[in-house]
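Asker: I need the structure of the sequence given here:
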Amino acid sequence: MKRELISSDQADGANARPKTKWSVSGAIVMALAIASMNVAKAQTIAETSNFAQNGDKIPTGATTRFFVPVWTSGDATNTAHHELLHAIGFSISYDKFKTHVDGSRNFREAVGATGTILAKLTPANQGTHIDPGAGTVNGYDQSESVMQPNRVTGQRMGAQEKLVEDAAFDWSSKNINITVSYSGSWTATQKSHIENAVAAAKTLFGSNGSGSRFTWTVEIANSIVAMERQNLSSLKISDLANQLGSGAASQRVQATAAILSKGVSAVDELLAAGAQPMSGLSPRRIDILYSILSGHREGRYRTNSFGLHVEPGTTREQIVSMGERYGFILPNDRPIETADAPCCYVTIREGAELWDVVARVLANEPSVTTVNLNYIEP
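Answerer: So this is what the prediction gives:
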């Protein structure tokens, strides 16, 4: 049974979205149509998102949603192990993990994607998974990994997963402290699968639970959602790129507005300046603008949420006020941690559109340093 079950006869056709206008620093900016997407209806067993990391790029939290009855109709413990490994680090969303992945999707032992290949990953549009068809890599049969995309009864986290996560985060020396936050209505049996995964992770990494904090929020959903698969397309971007990394907040906002005002014509210039599709939890502003204007995005992500990074000293009240201006909501029960990246995840208001909101925020709000997409790992 697959973690995501897709029926080809349910696939919708690709449709380009209409162009949208918004006001940025007195200029009318035309946002080009978002790249066409193939949307496939999918039965999803579970998905992990809301990835967060601290200033040292060590994971501090993530949220996993488990869909019933599909989750508990098979080996639910297998999926709990799989999703917890995503949450604590097995994801290209985390900056430290990403630095080990080369252009051929090999996960290598050293930063900069050099050294021994520890695992072969699936293509990016399939999430961050070990490729079960890659044969034996570094002495490990890839089809035996719990981090393959298919759910195989009886598979659990083990030596290869430990090797990969230790290469990125050195969990074996950090005494990871995993706190589970249950959201929704859980049965004792459902909780037992989560507890099994947490205990297994502590055993795998030799942790006594006294060290690096990590909050795993787990939710129960009583429906099976549709997932999106993006067809990546390559277009173009602009000439004020050298100002985007400026330490002056006003300068980066003005440069952002100027680039957005150029629309599609800026894409080639941003590419020439080194722009690429945004990724990870601390993307460069030039890459975000490239993704907005070109429609070239990588990975799976929620279209109703994004992560917010703000200047030190920014208050919760200021973020709430910001949302009222630009079209997002910071839920009352959602904490903000300014030392984490992101400091919080916000929700797009009904009737607003993700990329429009992101553009408005970056082009107008000096206290925002960057934003990240709310990536999903199935």
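
Asker: N372: neighbour count?
Answerer: 25 (other Cβ atoms under 10 Å). Quick note: C-beta positions are derived from backbone N, CA and C, even for glycine.

Asker: excluding covalently adjacent residues, which one is nearest to it?
Answerer: Once flanking residues are discounted, N372 sits nearest to G307: 4.1 Å by Cβ to Cβ, 6 or more residues apart in numbering.

Asker: confirm the one you found sits in a strand?
Answerer: Yes: assessed with DSSP: H, G, I helix; E, B strand; the rest coil, G307 lies in a strand.

Asker: wait, it touches V371, no?
Answerer: Yes: counting by Cβ atoms under 8 Å, V371 is a contact partner of G307 at 6.2 Å.

Asker: need the overlap of contacts for the two.
Answerer: Taking Cβ atoms under 8 Å, 6 or more residues apart in numbering as the contact rule, G307 and V371 both touch P342.

Asker: which one's more surrounded, these two?
Answerer: G307 (25 against 21).

Asker: could you pull out the helices for the stretch 201-350 of the chain?
Answerer: Using DSSP state H, counting those that start in this stretch, the helices of the stretch 201-350 of the chain run over residues 249-262, 267-272, 285-294, 316-326.

Asker: now these as CSV including mean neighbour count?
Answerer: Putting the helices of the stretch 201-350 of the chain into CSV (neighbours: other Cβ atoms under 10 Å) gives the following:
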stretch, mean neighbour count
helix 249-262, 20
helix 267-272, 19
helix 285-294, 25
helix 316-326, 15
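
Asker: what is the least confident helix or strand in this structure?
Answerer: strand 27-31 (a mean of 27; mean pLDDT, DSSP states H and E).

Asker: which regions of the chain sit below the pLDDT cut-off?
Answerer: 1-43, 222-239, 241-242, 246-247 (pLDDT under 70).

Asker: quick one: neighbours of T122, just the number.
Answerer: Neighbours around T122, by other Cβ under 10 Å: 19.

Asker: and if you look at G135?
Answerer: 11.

Asker: start to end distance for stretch 363-377?
Answerer: 29 Å (Cα to Cα, to the nearest Å).

Asker: list the buried residues for it?
Answerer: 363-365, 367-377 (16 or more other Cβ atoms under 10 Å).

Asker: same list as before, those residues that is, but in TSV and with secondary structure and distance to M322 included.
Answerer: Converted to TSV, the buried residues of stretch 363-377 look like this (DSSP: H, G, I helix; E, B strand; the rest coil; distance: Cβ to Cβ, whole Å):
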residue	secondary structure	distance to M322
A363	helix	13
N364	helix	9
E365	coil	6
S367	coil	8
V368	strand	8
T369	strand	13
T370	strand	14
V371	strand	12
N372	strand	16
L373	strand	18
N374	strand	17
Y375	strand	22
I376	coil	25
E377	strand	28
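
Asker: of all the residues you listed, which comes closest to P132?
Answerer: In terms of Cβ to Cβ, no member of these lies closer to P132 than E377, at 16.3 Å.

Asker: three-state assignment of the closest residue to that closest one other than its chain neighbours?
Answerer: Excluding the flanking residues, the one nearest E377 by Cβ to Cβ, 6+ apart is H86, at 4.1 Å. What three-state DSSP gives for H86 is helix.

Asker: M147: what's it in contact with?
Answerer: M147 neighbours (Cβ under 8 Å, 6+ apart): H82, L85, F90, A119, H129, I130, E161.

Asker: of these, which is the nearest to G55?
Answerer: F90 (21.1 Å).

Asker: so who does the closest one touch?
Answerer: Applying Cβ under 8 Å, 6+ apart, we find F90 in contact with F97, T128, M147, E161, V164, E165, E377.

Asker: ditto for E144
Answerer: Applying Cβ under 8 Å, 6+ apart, the residues contacting E144 are Q155.

Asker: any idea how far it is from Q155?
Answerer: 7 Å (Cβ to Cβ, to the nearest Å).

Asker: and the residue nearest to E377, how many neighbours?
Answerer: 26.

Asker: quick one: contacts for it?
Answerer: H86 neighbours (Cβ under 8 Å, 6+ apart): T48, A62, T64, T128, E377.

Asker: now, those that are in strands?
Answerer: T48, A62, T64 (DSSP state E).

Asker: any idea how far the residue nearest to the second one when sequence neighbours are not counted lies from F51?
Answerer: For A62, ignoring the flanking residues on the chain, the nearest one in space by Cβ to Cβ, 6+ apart is A87 at 3.8 Å. Taken as Cβ to Cβ, the spacing of A87 relative to F51 amounts to 8 Å.

Asker: joint contacts of these two?
Answerer: The contact lists of A87 and F51 share P59, A62, where a contact means Cβ under 8 Å, 6+ apart.

Asker: could you dump the helices of the stretch 201-350 of the chain into TSV and include distance to V358?
Answerer: What follows is these, written out as TSV (distance: least, Cβ to Cβ, whole Å):
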stretch	distance to V358
helix 249-262	11
helix 267-272	16
helix 285-294	7
helix 316-326	9
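
Asker: out of these, which comes closest to F107?
Answerer: helix 285-294 (21.7 Å).

Asker: against which helices or strands is the closest one packed?
Answerer: helix 249-262, helix 267-272, helix 354-364, strand 368-375 (3 or more Cβ pairs under 8 Å, 6 or more residues apart in numbering; DSSP states H and E).

Asker: now intersect the contacts of F90 with the helices, please.
Answerer: Among those, DSSP state H puts F97, E161, V164, E165 in helices.

Asker: ok, the second one to M147 distance?
Answerer: With distances defined as Cβ to Cβ, the gap from E161 to M147 amounts to 6 Å.
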